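A.B. asks: give me a 3D structure for the following:
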Amino acid sequence: MRRVFLALLCAGANACATMDETGCRYAKWDELGQADGLAGGQPRIDQYAYQCSQHQATADEKTYMEGWREGNVEYRTRVPGPASGD
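C.D. replies: Have a look, this model is predicted:
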């Protein structure tokens, strides 16, 4: 339930898509991806990668996408309508 709340909170806040240097270096990429997937939107890894490159840090795309897919599958089981992310 906590993750769902976090995902809904992030869905409505632009700040969730902003990565500072500390966030880039210490991100739990799987959890970040899962939260974005649970929000029902498209993956934001390109945005994170760009922001992290500004801090000479690298976003872990593979780990993020694994988390995003997991979160998105859960989102699609909870929300009726067209499949998202296919």
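
A.B. asks: show me the shaky parts of this protein.
C.D. replies: By pLDDT under 70, the weakly predicted segments of the chain are 1-17, 81-86.

A.B. asks: so residue 72 sits right up against residue 40, yeah?
C.D. replies: Yes: the criterion here is Cβ atoms under 8 Å, and residue 72 meets it with residue 40 at 7.5 Å. (Glycine included, C-beta is placed from N, CA and C.)

A.B. asks: these two - which one has more neighbours?
C.D. replies: The residue with more neighbours, out of residue 72 and residue 40, is residue 72; 25 against 18, by other Cβ atoms under 10 Å.

A.B. asks: just the C-alpha atoms of the helix or strand where the more buried one lies, please, in PDB.
C.D. replies: Here residue 72 is covered by helix 61-78, with elements defined by DSSP states H and E. What follows is helix 61-78, C-alpha atoms only, in PDB (Å, rounded to 0.1, in the frame of the first residue of the first chain):
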ATOM      1  CA  GLU A  61      18.600   1.700 -17.300                       C
ATOM      2  CA  LYS A  62      18.400  -2.100 -17.100                       C
ATOM      3  CA  THR A  63      17.600  -2.100 -13.400                       C
ATOM      4  CA  TYR A  64      15.200   0.800 -13.800                       C
ATOM      5  CA  MET A  65      13.300  -0.900 -16.600                       C
ATOM      6  CA  GLU A  66      13.000  -4.100 -14.700                       C
ATOM      7  CA  GLY A  67      11.400  -2.200 -11.900                       C
ATOM      8  CA  TRP A  68       9.200  -0.200 -14.300                       C
ATOM      9  CA  ARG A  69       7.900  -3.400 -16.000                       C
ATOM     10  CA  GLU A  70       7.000  -4.900 -12.600                       C
ATOM     11  CA  GLY A  71       5.200  -1.700 -11.500                       C
ATOM     12  CA  ASN A  72       3.500  -1.300 -14.800                       C
ATOM     13  CA  VAL A  73       2.200  -4.900 -14.700                       C
ATOM     14  CA  GLU A  74       0.700  -4.200 -11.300                       C
ATOM     15  CA  TYR A  75      -0.800  -0.900 -12.600                       C
ATOM     16  CA  ARG A  76      -2.400  -2.700 -15.500                       C
ATOM     17  CA  THR A  77      -4.000  -5.300 -13.200                       C
ATOM     18  CA  ARG A  78      -5.500  -2.600 -11.100                       C
END
